[in-house]
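S.K.: please work out how this folds:
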Amino acid sequence: MTYELIGGSLIGAAAALLWLGIGRISGMTGVVSSLFQWRDKSRHWAFWFLAGLVLALPVFRISGGELTIDMTSNQLLLVLAGLLVGFGTYIGNGCTSGHGVCGMGRLSLRSMVATITFMASGIATVALMNLAGGAQ
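M.R.: Numbers count the residues shown, from 1 in each chain. Presented below is the predicted three-dimensional model:
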């Protein structure tokens, strides 16, 4: 069994448990915004959800898993990419995890359009990077 299959299954199970357990969508925009409403005890789930995401990588490495991600060390490019993702999340009213994992599972038309847009943008970005010689 591959790590991708295990990881995808865990993401799907977490999204389903959160939805069925407390009726919340596990999009990261909603999780992070819930942290800013800490006084509302019904939002404390977000801390534990985010803690699980942060702890997943160290647990994966301790259990013998190897991470093979090669990203750029160009800080300006990373900041620009982060700002573009944040802006896209704002105008798209959600992020890839909210729309792609949860919205698609609920057959939301808005999420289908958003996910198609995310995918098309990603494909176009890779194609442009390949043409510009930026991808390796």
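
S.K.: against Gly64, how distant is the spatially most central residue of the chain?
M.R.: Residue closest to the mean C-alpha point of the chain, counted by CA atoms, centre = their mean, is Ser97 at 4.3 Å. Distance from Ser97 to Gly64, counting by CB to CB, to the nearest Å: 26 Å. C-beta here means a position set from N, CA and C on the backbone, and glycine is covered the same way.

S.K.: one more: Leu57?
M.R.: Shown here: Leu57 relative to Gly64, a distance of 13 Å by CB to CB.

S.K.: just name whatever secondary elements the helix ranked longest in the chain is in contact with.
M.R.: Secondary structure assigned by DSSP state H gives helix 109-132 as the longest helix of the chain. On a contact count with 3 or more CB pairs under 8 Å, 6 or more residues apart in numbering; DSSP states H and E, helix 109-132 meets helix 104-105.

S.K.: per-domain residue ranges of this structure.
M.R.: 3-62, 75-132 (automatic domain parsing).

S.K.: for the longest one, give the mean pLDDT please.
M.R.: By that I understand domain 3-62. Per-residue pLDDT values across domain 3-62 average out to 85.

S.K.: now stretch 9-17: buried residues?
M.R.: Within stretch 9-17, the residues that count as buried by 16 or more other CB atoms under 10 Å are Ala15.

S.K.: ok, now stretch 80-92?
M.R.: Residues 88-89, 92 are the ones in stretch 80-92 that count as buried (16+ other CB under 10 Å).

S.K.: which one of those residues sits closest to Leu76?
M.R.: Gly88 (18.5 Å; CB to CB).

S.K.: and that closest one, how far is that from Leu80?
M.R.: 12 Å.

S.K.: again with Ser97
M.R.: Ser97 is 21 Å from Leu80, by CB to CB.

S.K.: now do the helices in the chain.
M.R.: With helices called from DSSP H, the chain shows them at 3-22, 28-35, 45-62, 75-91, 96, 104-105, 109-132.

S.K.: cheers, nothing more for now.
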